[in-house]
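**Student:** structure for this input, please:
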Amino acid sequence: MNDRGIVLRETMVSIVVNVAITIAFFFLFFGLGAPIAAVAFGRDFLPQAFMVALMGTLIPGLLVRRGRDTAIATVVMRSVVLAVTALIVAGGGALLFFSRGGVVDPHAGLVIKIVFAAALSATVTPIAVHRALVASIWRPS
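**Tutor:** From the prediction side, this is the model:
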């Protein structure tokens, strides 16, 4: 499989896994029974953004690391940097948007969380996988 196929495969797996985890956590913390306070809903994007980005980059990055040149520490550091960036940009943006108050319909909230997880995975996973592939190309000494 070529690098483009690997990036696509890992991105699709990341999207599916992160959406599934997002759905599970949504039901664990919010459920569909009652409206959700918008501020609480917005705050929940902070850990979601961090974890979706971390898991969407760390696991695929380690899986595609195929040569001696890519240290595990490099993959971990890249994943943490992308996760913190996602926390600030995506999570912070969602928090600002929902901090105006009010309530969120739980069905709409679930859809929003699913789309957020899928979009964030589709954004960060290809970056991390591509960088891991480029960095892990074996170079003779």
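
**Student:** element containing E10?
**Tutor:** Assigned by DSSP states H and E, E10 belongs to helix 3-29.

**Student:** other SSEs contacting that helix?
**Tutor:** helix 45-64, helix 106-135 (3 or more C-beta pairs under 8 Å, 6 or more residues apart in numbering; DSSP states H and E). (C-beta placed from N, C-alpha, C; glycine too.)

**Student:** so which elements touch the shortest one?
**Tutor:** By that I understand helix 45-64. Applying 3+ C-beta pairs under 8 Å, 6+ apart, one finds that helix 45-64 contacts helix 3-29, helix 72-86, helix 92-98, helix 106-135.

**Student:** may I see the buried residues of that helix?
**Tutor:** Neighbour counts over helix 45-64 (16 or more other C-beta atoms under 10 Å) mark 45-46, 48-61, 64 as buried.

**Student:** now do that helix, average pLDDT.
**Tutor:** Computed over helix 45-64, the mean pLDDT rounds to 95.

**Student:** then the last one?
**Tutor:** Looking at helix 106-135 alone, the average pLDDT works out to 94.
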